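Colleague: Give me coordinates for this.
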Amino acid sequence: MGVPETPFQFSAFSIIMPRVAFTGSLVGSRAEIEEFLQFVDKHPDSRPQVELLTMDKVNEGIQKQRDGKVRFRVVLENPAPGVSTIKA
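Modeller: Predicted coordinates:
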């Protein structure tokens with residue numbers, strides 16, 4: 001089930017009596033992870049979409065997260081002194 005954008009309500013008895021259980025995960029089920037790994041195996045050029053920020057911009061990254069402006073995933077980089085892997 002996808003995550004609804006708005007709150008929803010239901011009767012507690014409608015789930016208690018049939019013994020319905022809700023679980024959630026941001027990662028996905030084992031079957032979904034397996035499907036994803038098979039996809040990546042078949043598409044080796046697949047890459048995650050991330051926004052790289054250096055550690056000196058950590059506050060900017062946190063604010064973007066709080067403001068809901070992170071589009072994919074923000075990755076903070078802490079390279080060795082004088083070395084950066086961030087490509088312009």
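Colleague: all contacts plus neighbour counts: C-alpha atoms, from now on.
Modeller: OK.
Colleague: Please enumerate the helices of this protein.
Modeller: 12-16, 30-42, 58-66 (DSSP state H).
Colleague: out of these, deepest packed?
Modeller: Sort the helices of the chain by mean neighbour count, taking mean count of other Cα atoms under 10 Å, and helix 58-66 sits at the top with a mean of 14.
Colleague: Please state the offset of it from the chain centre?
Modeller: With Cα atoms, centre = their mean, to the nearest Å as the basis, helix 58-66 stands 15 Å off its chain's centre.
Colleague: circling back: in a markdown table: the helices of the chain, plus distance to residue 4 and mean pLDDT.
Modeller: Shown next, in a markdown table, are these (distance: least, Cα to Cα, whole Å; pLDDT from 0 to 100):
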| stretch | distance to residue 4 | mean pLDDT |
| --- | --- | --- |
| helix 12-16 | 18 | 87 |
| helix 30-42 | 20 | 90 |
| helix 58-66 | 19 | 91 |
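Colleague: Nearest to residue 51, out of those helices?
Modeller: Across those, residue 51 has its closest neighbour in helix 58-66 (9.3 Å, Cα to Cα).
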